[in-house]
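Asks: Structure of the sequence below:
(one chain, ligands or ions: 1)
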Amino acid sequence: MQKIISETERYSARNYHPLPVILTKGEGVWVWDKNGKKYLDLLAAYSAVNQGHRHPKIIQAAKDQMERITITSRAFHNDKMGEFLSLLCDVTGFDKALPMNTGAEAVETSIKAARKWGSKVKGVAENKAEIIVCDNNFHGRTVTIISFSSEEQYKTGFGPFTPGFISVEFGDAQKLEEAIGENTVALLIEPVQGEGGVIVPPDGYMKKVREITERHRVLLVFDEIQTGLGRTGELFSYVHENIKPDMLIVGKALGGGVYPVSAVLSSEEVMGVFKPGDHGSTFGGNPLASAVATASIEVILDEKLSEKSKENGRYFAKRLKEMESPMVKEIRSRGLMIGVEIKKSCGTARKYCELLLEEGILCKETHDQTLRFTPPLIIEKEEIDWAVEKIKDVLSR
Ligand SMILES: *Cc1c(COP(=O)(O)O)cnc(C)c1O
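Replies: Below is the predicted model of the structure:
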């Protein structure tokens with residue numbers, strides 16, 4: 001074990017600090033290390049594997065497609081992308097989709113779409129478009145995206161940054177309205193802040209946000225890369241709010257934990273700003289990605305994973321609250337997206353992740369104090385019960 005870790009550390013850039021476990025196999029909600037020790041996966045690759053590890057239908061779709069053709073590039077049509085995007089538009093209720101690979105690329109795509117819509121449709125002067133974002137956001141790691149991060153570590157040393165972004169407090173609709181000016185083209189927002197520590201906005205906030213953005217003709221862009229595809233107990237988070245954004249960004253579980261697939265969805269009016277050559281990606285919408293994504297969406301629908309997430313998320317959060325651990329400051333959740341904030345006086349969340357690892361549970365802290373539990377959505381109540389006993393044990397030490 002030490003050899004593999006030292007080799008990895010020797011040759012890889014140190015941009016991650018993984019827990020000391022080497023995973024070699026995964027199935028459903030379980031993963032195994034080199035020595036055959038079994039762990040319950042309560043991270044699910046940051047929600048990239050909502051369907052569970054190696055879901056047989058997704059693996060089969062990938063295998064079948066690999067036997068036919070994997071990439072064509074967008075210079076030619078393939079027989080899989082249309083089917084994928086039609087399903088995605090159908091389940092989200094949007095007119096058009098633009099496929100990319102990673103989440104950050106899809107966020108970049110949404111920024112480009114919003115800016116171009118601003119200049120071509122709304123009539124904002126060229127190079128003047130402003131996009132409002134929220135404090136404590138996480139939208140990815142490209143230079144443009146970190147330009148509007150409020151996390152010092154994500155930015156230090158990486159400047160100069162991309163201008164054109166204003167950050168306002170998450171959860172305060174009045175601050176948002178005050179920040180809107182004549183050049184504002186969009187508000188980019190996470191329905192629940194994930195990396196920021198599972199921050200659920202106050203009731204009624206998103207409804208006001210929708211009303212304000214509509215009134216000022218500002219595009220409401222929901223980054224549902226983490227909250228989407230069942231994670232919060234609805235297929236997409238905006239369903240909870242009974243509103244519809246103007247643009248939707250999806251990623252992570254869209255690839256079923258098998259292959260990176262992301263997409264931006266919007267109306268004909270917004271997507272219509274893209275002309276051939278304006279934007280692209282070599283791998284975006286390739287037939288393998290499309291086949292995997294189609295199967296990934298179908299599994300979420302067929303197995304009613306959103307409903308399962310709602311019910312089991314409630315159950316998991318209730319069981320955690322019943323622990324009444326004196327170490328816990330707050331428990332926040334929506335569906336199977338659960339944050340347990342540890343009191344500062346009880347040390348950082350990392351320590352508890354290390355203890356849970358020994359007990360056969362994988363999870364990862366976010367923002368020093370918060371333990372995040374986001375298991376595959378196929379998790380069963382018995383597995384939750386098993387996990388809660390271990391968590392209780394660790395939090396009582
Ligand atoms: C993970 C994440 C991203 C970035 O996705 P990558 O695939 O890592 O580039 C963007 N937004 C949100 C809300 C995320 O959780």
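Asks: Am I right that residue 368 falls within a strand?
Replies: No: counting by DSSP: H, G, I helix; E, B strand; the rest coil, residue 368 is not part of a strand but coil.
Asks: For the ligand, give me its nearest residue in this protein.
Replies: The chain approaches the ligand most closely through residue 103 (2.1 Å), counting by CB to the nearest ligand atom. In this view, the C-beta of every residue, glycine as well, is placed from N, C-alpha and C.
Asks: Residue 249 is in contact with that residue, correct?
Replies: Yes: counting by CB atoms under 8 Å, residue 249 is a contact partner of residue 103 at 7.4 Å.
Asks: okay, these two: which has more neighbours?
Replies: residue 249 (29 against 25; other CB atoms under 10 Å).
Asks: Let me know the pLDDT of residue 1.
Replies: As predicted, residue 1 sits at a pLDDT of 77.
Asks: Surely it and residue 23 touch.
Replies: No: if you go by CB under 8 Å, residue 1 and residue 23 don't touch, sitting 11.7 Å apart.
Asks: Compare those two (neighbour count), which wins?
Replies: residue 23 (14 against 11).
Asks: Now for the residue most central in space within the chain: which residues touch it?
Replies: The residue lying closest to the centre of the chain (CA atoms, centre = their mean) is residue 226, at 1.8 Å. With contact set as CB atoms under 8 Å, 6 or more residues apart in numbering, residue 226 has these partners: 46-47, 190, 194-195, 252, 337.
Asks: Contacting the ligand as well, which ones from those residues?
Replies: Residues of the contacts of residue 226 in contact with the ligand (CB under 6 Å from any ligand atom): 46, 190, 194-195.
Asks: Tabulate the residues you listed in TSV, adding columns for pLDDT and neighbour count.
Replies: Shown next, in TSV, are these (pLDDT from 0 to 100; neighbours: other CB atoms under 10 Å):
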residue	pLDDT	neighbour count
46	96	17
190	98	25
194	96	25
195	95	21
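Asks: Including secondary structure, could those residues go into JSON lines?
Replies: As requested, those are exported to JSON lines (three-state DSSP):
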{"residue": "46", "secondary structure": "helix"}
{"residue": "190", "secondary structure": "coil"}
{"residue": "194", "secondary structure": "coil"}
{"residue": "195", "secondary structure": "coil"}
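Asks: Taking these together, which two end up most distant?
Replies: 46 and 190 (13.1 Å; CB to CB).
Asks: I'd assumed residue 306 was in contact with residue 50.
Replies: No: between residue 50 and residue 306 there is no contact under CB under 8 Å: 9.7 Å.
Asks: Compare those two (neighbour count), which wins?
Replies: Neighbours around residue 50 and residue 306, counted as other CB under 10 Å, are more numerous at residue 50. The numbers are 29 against 23.
Asks: which neighbours do residue 50 and residue 306 share?
Replies: 230, 300, 377.
Asks: can you list the residues of the chain near the ligand?
Replies: Within reach of the ligand by CB under 6 Å from any ligand atom, the chain has these residues: 46, 102-104, 107, 138-140, 190, 194-195, 223, 225-226, 251.
Asks: So which residues of the stretch 1-150 of the chain form helices?
Replies: Assigned by DSSP state H, counting those that start in this stretch, the helices in the stretch 1-150 of the chain fall at 2-11, 44-47, 56-66, 81-92, 103-117, 143-146.
Asks: go on, the stretch 251-397 of the chain?
Replies: With helices called from DSSP H, counting those that start in this stretch, the stretch 251-397 of the chain shows them at 268-271, 287-302, 305-322, 349-358, 381-395.
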